[in-house]
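Undergrad: based on what follows, work out the 3D shape:
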Amino acid sequence: MFYAPRRHVLTPLHLLALLCALLTLSACEQLQQVAEFVDSISTGAPCESGLECLGGYCLDEQDGYPGGYCSELSCEEEGCLGFSSECLVLPLAGEAACYERCDRDNSCERAGEGYACTLVDDTPVCLPADLAVGSEPGKPGAPCTSDVACEEGLTCLTNLYGGYCASIGCNPDQGCDDGACVTLNPEAEADDVVFACMAACESDQDCRFGYSCLANDENEPAYCQENEQSEGPRNPDGADDGEPCGANLGCKGGSCIREVEKDNGEVSFPGGYCTTRYCSDDEDCNGGICLVQNNHPTCMAGCATDADCRQGYSCRTGREGRSFCDSTTAPPEIDTSGAPALELVCGSQKTYDVEVDAGAVGFLLTPFNPGGLAIEPRTLRRPDGSTLNIQNDYAFHAINPAILTSLAPMLFPATNDTSLANTFGGGTYQMGVASNASETCHYVIAQPSAGRTLRLRFYLIGVPGLSAATAASNRDLQEAIATMATIYDAMNIEVEVAAYEELSDELTDSYSIVRTLDDAFDLVALSEAPGTTLDENLVVNVFLIDDFAVEDSPGLLGISAGLPGAAGLHASPASGLVFSTAGLGEDNATIGQILAHEVGHYLGLRHTTEHLGSAQDPITDTPSCLFPNLGYFCDDAENFMFPFSLGPDQRLTTSGQSFVLRRNPLVRP
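TA: Okay, here's the model as predicted:
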C-alpha cells in the first residue's frame, strides 16, 4: 500500500528514461530500485542542479548547503512532495522552501556531511549546522510527541502545548546541567512536590510559540511556561480551520492535515484540512470548534448538516456530542467469519431480547450491522423491568458509534457505582437500537465470575529486529510486557502471552507504517480466530507496528479499536488495538505503561479525566481533575489511565478499575 500527497509531478526526461530501464528487472528489484532512486532525488538529497531534484530546485554550496540540497520553492499553497518534507520560511531567508524532516530520533542521514537536526517553527528539519538558525531539538523545553523526540533521560510532557521535553526528578539544591530546576506543582503537599528541569529563560523571546518566560515565585528561576491565553493565529494570513491547504504555512492555526491517497484510489482529507492543535476551548480556534479528535484537542469546522461541509466531507458527531466536518469514508462491512464460536442473532427488528446466563456478574453486548451502516444503542430494559436510557444514564460508555460506526460493543457494568454495578446479572434483557439498516445483528458474552487472566496475542508488523520467532526472547519487548503485567497484577489480573504471529510480507510492507486511522481499523480486521471454541477466541489482538505517521494525529502511539473492543470477534474493525514500537529499546518501561493504558481502553476503561476536563470516568474511586493539561497538579496524574503521558511512573490503579476490567469476558475467570 503506497501513500503520497496528491500532487502532479513534472519529471525530467532523463529521470523517466531511467524509470523505464528499471522495467527490465524483476518486480521486486524494480520496486527496490525505484524506492532508492526516488530517495536520491527527494528533498534533502545532494545535488548540483535543480534537474537532479524531484522538486526542481537545488540549494547549492554558495547558499551554505554542503554537497547541495534538493528542495522546492513556493510551497505555501500546494505543500511539498512526500511526507518527509516540510514547507518552512527560514529566518533571514524570506522565501518558503521545502526541507527534509529529521528522523523520529532527531537524527539526519547526512550528518557526516555537516547537517544537523534543527528546530524551525517547532518543526525538526535537517539543515547545515553552520546556518545557525533555529534551536537544538530534544533539549528541555523542545516540542515533542513522545519520549523518543527528547534527549536520553528526558520525558515528553504531552499535557503541555506541542509537548515539552523535561527531566523529571531534579534536585533544586544542585540545579540542572541544562535548564532550570523548578516545581511543576508548587501548590502540592511537600511529599507530593515534583521537580523537573525545564527550559531556562531571561525573556519571552527565549521561549517558543505558546510559551512565556515566568517564575513560580521569587525563590525559583524563570522558565518557559505555557501561556494561559492564546497568542492569536500562528499564521495570520492563513486559512481558517476546515479550509483547504497543502502546507502548515497556509493555515492560521499552523497545522494542515494533508490529503492522502492510497493505491486503491481512496482519499483521506481531500484538498487538505486546516486545523489548530492543542486548543483548550473554542476561543483558541480559528473559525472552528475545539474537540478531542483522535485523543488530541483539535479545532475542526463545526456543522449542523452535510451541506455545511466541503465536498468530500460529511457532518458527524464526535465523542463529546459536538458535530464537525470530517473526511468521508465508506464504512466497512463486517466479516462474521471471525466469529466461529459466537451465537450471532440477526433480524429486521430494532428491539430484541438478549439472554444472559444465570449467575453472570456482567456481560459484553455487541450490536452491529453486517453491511457497515451506522448503529446506535438507545435503551436496555433489565430483567426487573427497569429501563436504562443509554444516551443519558450510560452516556460515559456510549461512544463506540462515534468510533466504529457499524459496531457498538458495550460492557455491563462499566462502573463500580452501586446504583449500576449490581444491576446487570443473568436474565432476559431487551435492547433497542437506532439504525437505517434493514437487518441488524448482535451477540452477547456473559462473564460467569470476576476474571483473573488476560491473554494477549501479538501480531508483529515490520518491527525492526523483531519477529514471531524472536519475540519471546527479545529483552526490550519482554521488559515492556513485564511493566504492563505489573500494572495489571495490582488489579488481580494476570497477563499472559497467547502467541506471537506475523502477516505476509506484502501485508507487512503495507502496514508497518500506518498513515491513516482507517488503515489502523483495516489492520485489526486482518486478525484471524485462533480457535473454534469461545475460550480460545477470548484473546486481545495487539498489532505491533514500526510507527504511526497519521496526518491528523501527530505523535500517536497507540489506538484501541473501540472502547470497549468487540470481545471474541476477530476479522472485524473492532478486533484489537494497534501500537507503535518507536520507543522500544529506549524507554521500555514507558512503552509497557502506554500498552497497559491502551489495553485498558479496549477492555472498557475511560481516561480518569477526559481531555479538556470535559468528563470524568464513571468509577467512584479514581481521582479527577478539572484541567488535566495541568499534569502533575492533578490528583490522578499517576494513574495508568490519565490522558497524558508524564513519564514512567504512571502506574497507579484503583479497586474500581479492577472491578470493571474483571467484568469483561476477555479477562478469563
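Undergrad: mind listing the helices for the protein?
TA: 13-22, 27-41, 390-393, 400-404, 418-421, 475-489, 505-511, 517-524, 534-537, 588-603, 655-661 (DSSP state H).
Undergrad: just put those helices in a markdown table and tack on mean pLDDT, mean neighbour count and distance to E333.
TA: Quick note: C-beta positions are derived from backbone N, CA and C, even for glycine. Below are the helices of the chain laid out as a markdown table (pLDDT from 0 to 100; neighbours: other C-beta atoms under 10 Å; distance: least, C-beta to C-beta, whole Å):
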| stretch | mean pLDDT | mean neighbour count | distance to E333 |
| --- | --- | --- | --- |
| helix 13-22 | 44 | 12 | 37 |
| helix 27-41 | 65 | 13 | 30 |
| helix 390-393 | 90 | 14 | 25 |
| helix 400-404 | 84 | 23 | 13 |
| helix 418-421 | 91 | 14 | 34 |
| helix 475-489 | 97 | 19 | 33 |
| helix 505-511 | 88 | 16 | 19 |
| helix 517-524 | 88 | 23 | 12 |
| helix 534-537 | 95 | 16 | 20 |
| helix 588-603 | 94 | 24 | 22 |
| helix 655-661 | 98 | 22 | 31 |
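Undergrad: any chance of a markdown table for these, columns distance to A341?
TA: As requested, those are arranged in a markdown table below (distance: least, C-beta to C-beta, whole Å):
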| stretch | distance to A341 |
| --- | --- |
| helix 13-22 | 49 |
| helix 27-41 | 39 |
| helix 390-393 | 27 |
| helix 400-404 | 21 |
| helix 418-421 | 28 |
| helix 475-489 | 25 |
| helix 505-511 | 25 |
| helix 517-524 | 19 |
| helix 534-537 | 4 |
| helix 588-603 | 19 |
| helix 655-661 | 22 |
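Undergrad: residues near Q311, how many?
TA: 7 (other C-beta atoms under 10 Å).
Undergrad: can you count the residues close to the residue nearest to it when sequence neighbours are not counted?
TA: Among residues not flanking Q311 along the chain, P270 sits closest, at 7.5 Å (C-beta to C-beta, 6 or more residues apart in numbering). By the criterion of other C-beta under 10 Å, P270 has 17 neighbours.
Undergrad: G565 is nearest to which of the helices of the chain?
TA: Nearest to G565, of all the helices of the chain, is helix 588-603, at 4.3 Å by C-beta to C-beta.
Undergrad: ok, back up a step: which residues touch the residue nearest to Q311?
TA: By C-beta atoms under 8 Å, 6 or more residues apart in numbering, P270 lies in contact with 259, 311-313, 327.
Undergrad: and the residues you listed, which are buried?
TA: Among the contacts of P270, those classed as buried by 16 or more other C-beta atoms under 10 Å are 259, 313, 327.
Undergrad: isn't the second one up against S327?
TA: Pointing back at Y313 there. Yes. With contact defined as C-beta atoms under 8 Å, Y313 reaches S327; the gap is 6.1 Å.
Undergrad: could you chop the protein up by domain?
TA: 13-110, 147-226, 248-327, 336-447, 453-668 (automatic domain parsing).
Undergrad: could I get these as TSV with distance to D237?
TA: TSV is the format used below for the domains of the chain (distance: least, C-beta to C-beta, whole Å):
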stretch	distance to D237
domain 13-110	9
domain 147-226	16
domain 248-327	8
domain 336-447	34
domain 453-668	22
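Undergrad: coming back round to it: among the contacts of P270, which one sits closest to L420?
TA: When the contacts of P270 are ranked by distance to L420 (C-beta to C-beta), S327 comes first, at 35.9 Å.
Undergrad: please report how far the residue most central in space within the chain lies from L466.
TA: When the chain is reduced to its mean C-alpha position, the closest residue under C-alpha atoms, centre = their mean turns out to be L556, at 2.8 Å. Per C-beta to C-beta, to the nearest Å, L556 is found 20 Å from L466.
Undergrad: again with L51
TA: From L51 to L466 the distance is 41 Å (C-beta to C-beta).
Undergrad: neighbour count: the two, which is higher?
TA: Between L51 and L466, counted using other C-beta under 10 Å, L466 has the larger neighbour count: 22 against 13.
Undergrad: tell me the pLDDT at that one?
TA: For L466, the model assigns a pLDDT of 92.
Undergrad: from Y459, how far off is it?
TA: Taken as C-beta to C-beta, the span from L466 to Y459 is 11 Å.
Undergrad: okay, and the common contacts of these two?
TA: Joint contacts of L466 and Y459 (C-beta under 8 Å, 6+ apart) are L544.
Undergrad: so what pLDDT did G338 get?
TA: 75.
Undergrad: list the residues that contact F195.
TA: So F195 contacts 168-172, 181-184 (C-beta under 8 Å, 6+ apart).
Undergrad: isn't V148 right up against T590?
TA: No. Assessed by C-beta under 8 Å, V148 is found out of contact with T590, at 9.8 Å.
Undergrad: can you list residues touching both of the two?
TA: Listed as contacting both V148 and T590 by C-beta under 8 Å, 6+ apart are G583.
Undergrad: what's around the closest residue to V540 other than its chain neighbours, how many residues?
TA: Distances taken as C-beta to C-beta, 6+ apart place L456 nearest to V540, at 5.2 Å, with adjacent residues excluded. L456: 22 surrounding residues under other C-beta under 10 Å.
Undergrad: partners of L456 in the sheet?
TA: Bridge pairing for L456 (DSSP bridges) gives the partners V497, V540.
Undergrad: sorry, back to before: which among the domains of the chain is found nearest to L119?
TA: Counting by C-beta to C-beta, and looking across all of the domains of the chain, nearest comes domain 147-226 at 8.0 Å.
Undergrad: and that closest one, how far apart are its ends?
TA: Chord length of domain 147-226, first to last residue, is 19 Å (C-alpha to C-alpha, to the nearest Å).
Undergrad: quick revisit: out of the domains of the chain, nearest to R234?
TA: That would be domain 248-327 among these, by C-beta to C-beta, at 3.4 Å.
Undergrad: averaged pLDDT, that closest one. What do you get?
TA: 86.
Undergrad: can you get me the start-to-end distance on that domain?
TA: 18 Å.
Undergrad: can you read off the pLDDT for the nearest residue to G347 once chain neighbours are set aside?
TA: Take G347 and drop its neighbours on the chain: the residue closest to it by C-beta to C-beta, 6+ apart is E439, 6.7 Å away. According to the prediction, E439 has pLDDT 91.
Undergrad: now swap in P66 and tell me
TA: 94.
Undergrad: list the contacts of it.
TA: The contact partners of P66, taken as C-beta under 8 Å, 6+ apart, are 113-115, 128.
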